[in-house]
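> Okay, structure incoming, though there's no sequence with it:
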């Protein structure tokens, strides 16, 4: 029985991920706030780096790279991940703009007595988890 040879990975494929992590983390450390660089900007810059790289096939044109890039982005699991990321970002900005975090915190501090700290924190966690619904559950098939 012959073993099938799997194509070996190449370190060059990790360069866009490393670039994304370095630029996002370093901007957060330098500015002392990770909110100053939006994640989408760092992802777009990493995508530009990925398209600028020369891989194993040096004869690939820019159109060939775009085709591979969009085929990878068009996979079912990748699109699902992007949609979840976009919805989570939208949920974050909506709750931030209506000051939901401060409201739930103030409700907890105002109406919960110190003796009910454990039960109260569980109730507040359930209240804040309610909008997520089945997001953490299994995906429908």
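That came in fine, so what should we check first? Here the structure is a predicted model, which is why all the values come from computation and not from measurement. Residues are numbered from 1 along each chain as shown.
> contacts and neighbour counts: CA atoms only from here.
Fine.
> Low-confidence ranges, this structure, go.
Counting by pLDDT under 70, the ranges of the chain that qualify are 1-3, 6, 9, 55-57, 76, 131-141.
> So which residue is dead centre in it?
Among the residues of the chain, the one closest to the centroid is residue 85, at 5.5 Å (C-alpha atoms, centre = their mean).
> how near is it to residue 104?
Per C-alpha to C-alpha, to the nearest Å, residue 85 is found 24 Å from residue 104.
> how far out from the middle of the chain is stretch 8-22?
17 Å (C-alpha atoms, centre = their mean, to the nearest Å).
> What residues of the helix or strand containing residue 22 count as buried?
Using DSSP states H and E, residue 22 sits within helix 15-31. Buried residues in helix 15-31, defined by neighbour count with 16 or more other C-alpha atoms under 10 Å: 16, 19-20, 23-24, 27.
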